[in-house]
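Novice: Predicted coordinates and the sequence they were generated for:
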Amino acid sequence: MDDQAAEAEEKMAGLITQKADLEGQLKEMEDRLMDEEDAVADLENAKKKLDQEINDLRGDVEDLEQTLSKVTHPLK
């Protein structure tokens, strides 16, 4: 019986250590996931700003083209 109890205690100690290791890995992965989610949010915000800037520039180009057309073809 003592051998079985000792084996069970060793197995339990190993499982406790394994559990602690896995919990540590889980925490690292959760931290990494949060960092990645933050990076994605930052990129999405940057994309929105760039899309708005592109739209603004397109409007400026259209305005300039219209002005150029009026200047080069005043009779039309």
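Specialist: Happy to help now that I have it. Numbers count the residues shown, from 1 in each chain.

Novice: Pull the distance from the one helix or strand Asp60 maps to to the chain's centre.
Specialist: Assignment of secondary structure by DSSP states H and E places Asp60 within helix 2-72. Counting by Cα atoms, centre = their mean, to the nearest Å, helix 2-72 is centred 2 Å from the centre of its parent chain.

Novice: Please apply the same query to stretch 68-76.
Specialist: 49 Å.

Novice: Give me the neighbour count for Glu44.
Specialist: 10 (other Cβ atoms under 10 Å). All C-beta atoms are positioned from the backbone trio N, CA, C, and that covers glycine.

Novice: ok, now how distant is it from Asp38?
Specialist: 11 Å (Cβ to Cβ, to the nearest Å).

Novice: now do Leu57
Specialist: Per Cβ to Cβ, Leu57 is found 29 Å from Asp38.

Novice: low-confidence ranges in the chain?
Specialist: 1, 75-76 (pLDDT under 70).

Novice: can we see that at 80?
Specialist: For the chain, applying pLDDT under 80 flags the ranges 1, 74-76.

Novice: Would you mind giving the secondary structure of Pro74?
Specialist: Per DSSP: H, G, I helix; E, B strand; the rest coil, the local secondary structure of Pro74 is coil.

Novice: picking up where we left off before, I'd like to know which elements the helix holding Asp60 is packed against.
Specialist: Counting contacts by 3 or more Cβ pairs under 8 Å, 6 or more residues apart in numbering; DSSP states H and E, helix 2-72 packs against no other helix or strand.

Novice: In space, not sequence, find me the middle residue of this structure.
Specialist: With distances taken as Cα atoms, centre = their mean, Val40 lies nearest the centre of the chain, 2.3 Å away.

Novice: just wondering, since we're on it, how far is it from Glu28?
Specialist: From Val40 to Glu28 the distance is 19 Å (Cβ to Cβ).
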